[in-house]
Structures are given as structure tokens and as C-alpha cells.
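**Student:** quick one: sequence and predicted model below, then my questions.
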Amino acid sequence: MPIVAQSTETTDWVSRYADEVIAESERRAPGKPVVVASGLSPSGPIHLGNLREVMTPHLVADEIRRRGYTVRHLLSWDDYDRYRKVPAGVPGIDESWAEHIGKPLTSVPAPVGSEHPNWAEHFKAAMVEALAELGVEYDGISQTEQYTSGAYRDQVLFAMKHRGDIDAILDQYRTKKAPAKKQGQKPVDEAELEAAEGSGAAAEDDGSGTSGYFPYKPYCGRCEKDLTTVTAYDDETTELTYTCSACGFSETVRLSEFDRGKLVWKVDWPMRWAHEGVIFEPSGVDHSSPGSSFQVGGQIVGIFGGKQPIGPMYAFVGISGMAKMSSSKGGVPTAADALQIMEPQLLRWLYARRRPNQSFKIAFDQEIQRLYDEWDKLAGKVADGSVLPADAAAYARAVGTAAGELPRTPRPMPYRTLASVADITAGAEDQTLRILSELDPQNPLGSLDEVRPRLGKAETWINTQVPAEERTVVRDEPDADLLASLDEQGRASLRLLVEGLEENWSLDGLTHLVYGVPKVQAGYSADATAKELPPEIKVAQRTFFALLYHLLVGRDTGPRLPTLLLAVGQERVRKLLGA
């Protein structure tokens, strides 16, 4: 099976795949555009694991475009798949949607309140918008349109004529069992199988029936469901007879004129590979199992005169602090959700920096601040030329495409700083501008537009992802009891801080001041480094920081103290510290 090798080298994985895809395209279709493909089923929220199905070929296609080749990235919307079950937690639906199980996704009503004409379009819309923001260029193909327009009619008739050959291939796998799990291997549940199969059709039958094998499934002419059984087919006349177990309807049609049905998934996918000339397409991790769509398709595609695409098997994507994702469940983070709290460059980078067979997590919790720190550090290395080649390539793929750079924040201040300020100011723009301007008095911020869109992402993260009990609320009045209980050393530490506020009123200055007070109290210089200080200084610093947090926000911890002090303002800090 022609799978691209999973290398452990530190070189850029995208370039390696691009090399192989270009070479394979020149062997198969010299002089023609390079074709890569993805498939998404709008059966529910299209989650961040599904995004890997698109980002992997996108990154490879974009690298090929950068080299001057013409590339088509086909994105098949599997909107003619059957509606399989009512997903939990999706707003605007209830159990009454179960009456639509078996219909094409484009024939199922959209959730109540949706502006879209059907179920498929409702869930497709958010992904379309997210892909545009991410700079993903693709040719979208609606499988509903392809089948109902007759675009695949010749392929359908061909598959029915050669159904014996297809059945023989499928029969090799029907009695095979999946290999035993290796010790320590995580179990694969139904949701993972659905994601791995790409179209969400893992549980679909392969066309077997008591009347013989037929790789085509009609949608009922009365109830629109696919709970149908083909009972007869004539190769010469193309007359096909089916019955529906849902409503009892039966009819005979000419398949050469009939467009209300589709090939079963394990035949549909390889048919498309041949029809579209796909060179590269990734597949979910479960395609290594016997009888999987990708493995079986590799043999069936030859019946249609095509070849199986090359492509990596990709691992799952997790969410920091949340359970594994499944598009069949409501409330699962999507690309649109991620782009509410992070810039597209960061999200692109998360997919670009890891080989497809490596799993990774996307942070919706406090970890997002560390990821942004890492991202900004990488940008600094790129700027000063100290970056490693593979990291430089991942960065370049994150910030732009062959078409140009993505819009970026003109002055990208640290995400954790912006989040802290948004937390403290509750979004008040005048206060936000004041605080951010005071971070660097030598180069004050002129407008909040300079820190957008990153500021907006940080504000959204604070407002949607941080629990109310973890939000920062600055005291209105001093904690008189705590101030009265302080010993001389505690009062002296507050005096040292207050006396240095005006002279050190900047982010760097306040950082030096708050870390320096315990040093000075212990008889050391405020500039003394950690190597010059005994371990107990760190203990004294933590004690001092905890005191400040209690006096300012009534908790043991909070936003970074320099940022918090700037946000509170000199006058209010002096008041709360009892000066």
C-alpha cells in the first residue's frame, strides 16, 4: 500500500512529502496539475481533529505552489452521506430529528434558528469561514451536487457492471478480525473510527444483501431514507428494483437515468480517486486495520482504472484539559472556536510543526499562554537568525501561504499580558490603552489597533474560557485587618515597593522592583542574579508576592504582578498597600 514513509528526521516533513507528491504526479499525470484531496462530512460540528484532514494536504499543496507548480486541493463535502444519528448537545435540535435518520445530510432540516437551508450547510458554513481565515485555498465539491446532477453516472453504471469484481475484493476482508491491541495501546472507540474514516461512514454496510451484491444504495423515492435493498438489476437495460424497509415503498428505475442514490462508501472513495486523479490524500489512523476504507480502496481503485493516492496516516488531535474530540457530539471545539481565541498563524503552526503521525493538543485552558510564549520566542529567533531550519520552515508555513502573508497583529504584545489586562479592565478600552501604553513608556502604544487582532483573541479567551471564580477582581478598599497584622518586615517590604513605584513605572521597571524588594531586605543588591543568592531568597519572594496578591485582589495568585500593578494604577496601588 503506497503510504508515504513516516520519517523521524528533524527536517521539514512538508518538504519531504512535497518532493514525493511532485515525483508521483509526474509519473502518473505529467504536465497536469498536481491533485491533492480532503474529505469532510458536515454531519455535526467539524472539529479540530477533522481540520488535520484539510491542513495536511493544504500545507503540502502550498509548498508545491511555492515551487511554481499548479495544484488543485479538492475538498469533498460528503453532504450526500446518510444522517446517522442525532448528535448530543447541539443547540436547536431535539430527539424529533431521529425521524430523519437515513436521509442525505442535505435533506435534513437545519437546527432551529439556523440561517442555512439544511443540516449539511449549517455545519459546513463555520468551517468554510474558518478555512478562509486560515488562508486555505481549495476547490469545494458537494457530493450531493455530484450525484444528483449525474456527474458520476458512468462510474455508478461501471461499478454495478463490475460488482462481482468489487465483491471479490471486499470478501477477502469480511471474515478478517482486527489485529489484537498492543499492550498499552489506547482503545479506539466509535467516535475515533468515524473520524478515521473521513466521511463518518465507518459503520456503513458495503453493499452485501440477500439478493446478491450491489455497490449502489438508492435513497427511497417516498421517505428519502437509505433503508433500501436492491432486489434486482439488469446490466443491459440498467433497470434496478429496490424496496424500502422504512416505509414499504418499492419501485423499478433505470439507473442510467436515476440520480437519487450513491455508491457505498468503500466503493465511492476509490471511485473518486480515479475520477479526480488524486495523487495525495491523508487518512485517519484506523486505516491500518484490515478491511478499512483506505486499504480496501487501494484494490478497488484499480477496477476504475486508477491508483491509490499516496499520503500519511494522521494521528488524533486533542484539546488541553478536555476529552477526546468527536464530531458526533455537541460542544466539541471546532476550528471556528479555536480562531475565537487564537490568531490563525498560531493555529496553522500547531499543525505545521508536528508530523501527521504525531498527536498533539490544542490549548483552550491556561496552556494557551505558554504556547503563545513559545510562538513569540520562535518569531524572535526567526528575526535574529538563530532559528533552526525545520523550525524556520514551520514558522514560514504558519505566517503565510504561496499567495502571501496572512494579516497579522502589527505589535504582538505577549498574549498573557493582553489576557491579564483584559481580565482586569473587563474590556474597558480607555483603561486597556492606558495600561498597555505604560508597559513601555519609551515606545507607548498609540492605538489599540496596533495590538489587534491578538488583543481581541485574548479578551475572548478571558470571557469564554476562564471560570468566573478565576477572574481577577481588584479590591475597592484596603484590607485593614491584614495590613494591621503585618510585622515590621512586612511593612518595610511594602514601603520599599511604594517608594519605587514612580521611578519604575513600566513593565520592565516593575518586574525589577517586585523581584528586587526581597533581595534588598536580605542585604543584597536588587540587581543580584539567582546564582549570587541563597535559596531562601526565592522563598521570601514567593511570600512577598502572596502578600501583594492578597492586598490587591484578595487571592494567593493572579496575573503577573508587574502587569497587575500597571493595571491597578499608582494611586490605587498606594491606597491598597496602606501608603
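**Tutor:** Received it, and whenever you're ready, just let me know what you need.
**Student:** going by C-alpha atoms from here, please, whenever you check contacts or count neighbours.
**Tutor:** Fine.
**Student:** low-confidence ranges, the stretch 301-450 of the chain, go.
**Tutor:** For the stretch 301-450 of the chain, applying pLDDT under 70 flags the ranges 321-331.
**Student:** how about the helices in it?
**Tutor:** All helices of the stretch 301-450 of the chain, identified by DSSP state H, counting those that start in this stretch, fall at 335-341, 344-352, 367-384, 389-399, 415-425, 429-439.
**Student:** buried residues of the fourth one, list them for me.
**Tutor:** Same thing as helix 389-399. Ala390, Asp391, Ala392, Ala393, Ala394, Tyr395, Ala396, Arg397, Ala398, Val399 (16 or more other CA atoms under 10 Å).
**Student:** just the angle between that helix and helix 344-352, please?
**Tutor:** 130 degrees (axes from the mean of the first three to the mean of the last three CA atoms, to 10 degrees).
**Student:** which one of the helices of the stretch 301-450 of the chain is the most hemmed in?
**Tutor:** Highest mean neighbour count among the helices of the stretch 301-450 of the chain (mean count of other CA atoms under 10 Å): helix 415-425, with a mean of 23.
**Student:** mind giving me the packing neighbours of that one?
**Tutor:** helix 367-384, helix 429-439, helix 454-465, helix 561-568 (3 or more CA pairs under 8 Å, 6 or more residues apart in numbering; DSSP states H and E).
**Student:** and those as a markdown table, adding distance to Gly554?
**Tutor:** Converted to a markdown table, these look like this (distance: least, CA to CA, whole Å):
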| stretch | distance to Gly554 |
| --- | --- |
| helix 367-384 | 23 |
| helix 429-439 | 21 |
| helix 454-465 | 19 |
| helix 561-568 | 13 |
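**Student:** now, which of the buried residues of helix 389-399 sits nearest Lys531?
**Tutor:** Nearest to Lys531 among those: Asp391, at 31.5 Å, using CA to CA.
**Student:** ok, that closest one to Trp349 distance?
**Tutor:** Using CA to CA, to the nearest Å, one obtains 10 Å as the distance from Asp391 to Trp349.
**Student:** with Arg174 instead?
**Tutor:** 41 Å.
**Student:** what's the answer for Glu24, then?
**Tutor:** Going from Glu24 to Trp349 by CA to CA gives 27 Å.
**Student:** ok, back up a step: can I get the buried residues of helix 389-399 in JSON lines with distance to Lys307?
**Tutor:** Below are the buried residues of helix 389-399 laid out as JSON lines (distance: CA to CA, whole Å):
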{"residue": "Ala390", "distance to Lys307": "32"}
{"residue": "Asp391", "distance to Lys307": "34"}
{"residue": "Ala392", "distance to Lys307": "35"}
{"residue": "Ala393", "distance to Lys307": "31"}
{"residue": "Ala394", "distance to Lys307": "31"}
{"residue": "Tyr395", "distance to Lys307": "34"}
{"residue": "Ala396", "distance to Lys307": "33"}
{"residue": "Arg397", "distance to Lys307": "29"}
{"residue": "Ala398", "distance to Lys307": "32"}
{"residue": "Val399", "distance to Lys307": "34"}
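**Student:** follow-up on the earlier one: dump the helices of the stretch 301-450 of the chain to JSON lines, plus distance to His162.
**Tutor:** Output for those, formatted as JSON lines (distance: least, CA to CA, whole Å):
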{"stretch": "helix 335-341", "distance to His162": "41"}
{"stretch": "helix 344-352", "distance to His162": "40"}
{"stretch": "helix 367-384", "distance to His162": "53"}
{"stretch": "helix 389-399", "distance to His162": "44"}
{"stretch": "helix 415-425", "distance to His162": "59"}
{"stretch": "helix 429-439", "distance to His162": "68"}
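**Student:** which one of these lies nearest to Ser114?
**Tutor:** Going by CA to CA, the one of those nearest Ser114 is helix 335-341, 16.4 Å.
**Student:** how about the CA coordinates for the closest one, as PDB?
**Tutor:** Extracted in PDB, the C-alpha atoms of helix 335-341 (Å, rounded to 0.1, in the frame of the first residue of the first chain):
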ATOM      1  CA  ALA A 335     -11.700  25.500  14.000                       C
ATOM      2  CA  ALA A 336     -14.100  28.400  14.400                       C
ATOM      3  CA  ASP A 337     -13.900  28.000  18.200                       C
ATOM      4  CA  ALA A 338     -10.100  28.000  18.200                       C
ATOM      5  CA  LEU A 339     -10.000  31.100  16.000                       C
ATOM      6  CA  GLN A 340     -12.000  33.000  18.500                       C
ATOM      7  CA  ILE A 341      -9.100  32.800  21.000                       C
END
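**Student:** for this protein, name the helix or strand with the lowest mean pLDDT.
**Tutor:** helix 190-196 (a mean of 44; mean pLDDT, DSSP states H and E).
**Student:** so which of the helices and strands packed on helix 415-425 is nearest Ser359?
**Tutor:** Comparing those by CA to CA, helix 367-384 comes nearest, at 15.9 Å.
**Student:** that closest one to helix 344-352, inter-axis angle?
**Tutor:** Calculated by the same axes, to 10 degrees, helix 367-384 forms an angle of 90 degrees with helix 344-352.
**Student:** and the contacts of helix 367-384?
**Tutor:** Helix 367-384 is contacted by residues Ser320, Leu346, Ile362, Ala363, Val387, Asp391, Ala392, Tyr395, Pro414, Tyr415, Arg416 when judged by CA atoms under 8 Å, 6 or more residues apart in numbering.
**Student:** and the gap between the residue in the chain sticking out farthest from the centre and Gln358?
**Tutor:** In the chain, the greatest distance from the average C-alpha position (CA atoms, centre = their mean) is reached by Glu488, at 53.8 Å. Using CA to CA, we find Glu488 at a distance of 56 Å from Gln358.
**Student:** do the same with Tyr219
**Tutor:** Taken as CA to CA, the span from Tyr219 to Gln358 is 39 Å.
**Student:** quick one: which of these two has more around it?
**Tutor:** Taking neighbours as other CA atoms under 10 Å, Tyr219 and Gln358 compare with Tyr219 leading, 23 against 14.
**Student:** can you tell me the SS state at the spatially closest residue to the more buried one that is not a sequence neighbour?
**Tutor:** Spatial nearest neighbour of Tyr219, excluding adjacent residues (CA to CA, 6 or more residues apart in numbering): Asp226 at 4.5 Å. Under DSSP: H, G, I helix; E, B strand; the rest coil, Asp226 falls in the coil class.
**Student:** Asp226 contacts Pro218, correct?
**Tutor:** Yes - with contacts counted by CA atoms under 8 Å, Asp226 reaches Pro218, the gap being 6.1 Å.
**Student:** now do stretch 60-72: distance to the chain's middle.
**Tutor:** Chain-centre distance of stretch 60-72: 23 Å, with CA atoms, centre = their mean, to the nearest Å.
**Student:** equivalent analysis for stretch 239-252, please.
**Tutor:** Offset of stretch 239-252 from its chain centre (CA atoms, centre = their mean): 42 Å.
**Student:** who's in contact with Ala29?
**Tutor:** Contacts of Ala29 by CA under 8 Å, 6+ apart: none found.
**Student:** now it: how far from Met271?
**Tutor:** For Ala29 relative to Met271 (CA to CA), the value is 17 Å.
**Student:** follow-up on the earlier one: what score does the residue farthest from the centre of the chain have for pLDDT?
**Tutor:** We have a pLDDT of 95 for Glu488.
**Student:** repeat that for Trp119.
**Tutor:** At Trp119, pLDDT is 98.
**Student:** pretty sure it sits against Pro104.
**Tutor:** No - using CA under 8 Å, Trp119 is not in contact with Pro104, being 9.4 Å away.
**Student:** pick out whichever of these two has more residues nearby.
**Tutor:** Higher neighbour count among Trp119 and Pro104: Pro104, with 25 against 22, using other CA under 10 Å.
**Student:** which helix or strand contains Gly291?
**Tutor:** Assigned by DSSP states H and E, Gly291 belongs to no helix or strand.
**Student:** residues near it, how many?
**Tutor:** By other CA under 10 Å, neighbour count at Gly291 equals 21.
**Student:** skipping adjacent residues, who's closest to it in space?
**Tutor:** Tyr173 (5.1 Å).
**Student:** and the two most separated of the contacts of helix 367-384?
**Tutor:** By the measure CA to CA, Ser320 and Val387 form the most distant pair in the contacts of helix 367-384, at 26.9 Å.
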